[in-house]
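1. Here is my input; please provide its structure:
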Amino acid sequence: MTTWEYATVPLISHATKQILDTWGKDGWELVAVLPGTEANNPVAYLKRPTGQQ
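-> Below is the predicted model of the structure:
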């Protein structure tokens, strides 16, 4: 059975692709993007199997 670890990452509108590419290279998969506490800065929710670094 796969177990997961999760991360939340604030996204900056002018660097969203760079931020997601960086996390993706570390094995993180994007699950969702939801509004953050500030309207202009959404939050990305990511997951990856535990033990992967």
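
2. Break down this structure into its helices, ranges please.
-> Under the criterion DSSP state H, the chain contains helices at 16-25.

3. Poorly predicted segments of it, please.
-> Across the chain, residues meeting the criterion (pLDDT under 70) sit at 52-53.

4. Okay, and the beta partners of residue 30?
-> residue 46 (DSSP bridges).

5. From residue 2, how far out is it?
-> With distances taken as Cβ to Cβ, to the nearest Å, residue 30 is found 17 Å from residue 2. C-beta: built from backbone N, CA, C; applies to glycine.

6. Compare the two (neighbour count), which wins?
-> residue 30 (13 against 5; other Cβ atoms under 10 Å).

7. thought that one was touching residue 43?
-> No: counting by Cβ atoms under 8 Å, residue 30 stays clear of residue 43, with 11.4 Å between them.

8. what's across from residue 6 in the sheet?
-> Here residue 6 sits in beta bridges with residue 47, going by DSSP bridges.

9. Now stretch 11-31: buried residues?
-> Buried residues in stretch 11-31, counting neighbours by 16 or more other Cβ atoms under 10 Å, are found at 11, 20, 23, 28.

10. Which residues outside it are in contact with it?
-> Contacts to stretch 11-31, defined as Cβ atoms under 8 Å, 6 or more residues apart in numbering, come from residues 6-7, 9, 33, 36, 40-49, 52-53.

11. now with 10 Å?
-> For stretch 11-31, the surrounding residues in contact (Cβ atoms under 10 Å, 6 or more residues apart in numbering) are 4-10, 33, 36, 40-49, 52-53.

12. List buried residues within those.
-> For the contacts of stretch 11-31, buried by 16+ other Cβ under 10 Å: 9, 42, 44, 46, 48.

13. Next, the contact list for the third one, please.
-> Contacts of residue 44 were listed using Cβ under 10 Å, 6+ apart, and they are 7-11, 16, 19-20, 23, 28, 30-34, 36.

14. Look up the closest residue to it, ignoring the ones flanking it.
-> Of all residues not flanking residue 44 in the chain, residue 9 sits nearest, at 4.6 Å (Cβ to Cβ, 6 or more residues apart in numbering).

15. Quick check: the farthest pair among the contacts of residue 44?
-> Largest separation among the contacts of residue 44 by Cβ to Cβ: 28 and 36, giving 17.8 Å.
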